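1. give me coordinates for this.
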Amino acid sequence: MFLLAELDIDKGQRISIKDEELASLRKAAKFDTICNEIIPKSITEIRRLSSRLSSYPRVLKKEDFERTVLTMVYTAYRAAQSQGHQKDTWAESFVNLYKALKHDLMFPYNKETS
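-> Below is the predicted model of the structure:
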C-alpha cells in the first residue's frame, strides 16, 4: 500500500510518505523503520545482499522478500537519478536483485525439475 502512495526521498536518502494521513498509521512507522534503518542504501551493501541472495539455499521468508523488493525500489530510484557510470552501477545492482528474486520465486519449480 505504501509503495502506491507518493514517496519522498530527500538528499540524505531518507524515505518518507508524503501523505500525512497515511504516514500517521502504525504500519507506516514500521515501513519508515524498514526503509530508513534496515534496507541497504549503498552500492556495497546492495551488492553484498545480492551475493547472499544468489546463494541462498531455500525460499526467502516473507519479510526478507519484501525488504528485497523495497531495496529494488530504492535502487531503481537511484538509477533514475544518476548519470553515466553511476547510473550503470545502480542499474546493474537492480538487475542483480531482480535475478535473485526471480530465482527465489522459481525456487520450488527449480527444485522439482532438477
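2. once you drop chain neighbours, what's closest to the residue nearest the centre of the chain?
-> Geometric centre of the chain, nearest residue: residue 71, 1.4 Å, by CA atoms, centre = their mean. Counting by CB to CB, 6 or more residues apart in numbering, the nearest residue to residue 71 once its immediate chain neighbours are dropped is residue 39, at 4.7 Å. Yep, even glycine has a C-beta here, placed from its N, CA and C like the rest.
3. what does residue 16 show for phi and psi?
-> The phi/psi pair for residue 16 (degrees, to the nearest 10) reads phi -140, psi 160.
4. residue contacts, it?
-> Contacts were defined as CB atoms under 8 Å, 6 or more residues apart in numbering; by that measure residue 16 touches 7-8, 10, 23, 32.
5. okay, and the closest residue to residue 82 other than its chain neighbours sits in which element?
-> What sits nearest to residue 82 in space, not counting adjacent residues and going by CB to CB, 6+ apart, is residue 90, at 5.3 Å. Secondary structure from DSSP states H and E places residue 90 in helix 84-113.
6. remind me what the helix or strand hosting residue 46 packs against, helices and strands.
-> When elements are assigned from DSSP H and E, residue 46 belongs to helix 43-54. When contacts are defined as 3 or more CB pairs under 8 Å, 6 or more residues apart in numbering; DSSP states H and E, helix 43-54 sits against helix 62-81, helix 84-113.
7. what inclination does the last one have with respect to helix 62-81?
-> By that I understand helix 84-113. Relative orientation of helix 84-113 with respect to helix 62-81: 150 degrees, computed using axes from the mean of the first three to the mean of the last three CA atoms, to 10 degrees.
8. buried stuff in the helix holding residue 90?
-> By neighbour count, and taking 16 or more other CB atoms under 10 Å as the criterion, the buried residues in helix 84-113 are 89-94, 96-98, 100-101, 103-104.
9. tell me which of the residues you listed is nearest to residue 59?
-> Within those, distances to residue 59 taken as CB to CB reach their minimum at residue 104, with 6.1 Å.
10. hang on, isn't the closest one packed against residue 65?
-> Yes: at 6.6 Å, residue 104 counts as touching residue 65 under the criterion of CB atoms under 8 Å.
11. quick one on the thing from earlier: and the helix holding residue 46, which residues are buried?
-> Neighbour-count burial for helix 43-54 [16+ other CB under 10 Å]: 46-47, 49-50, 53.
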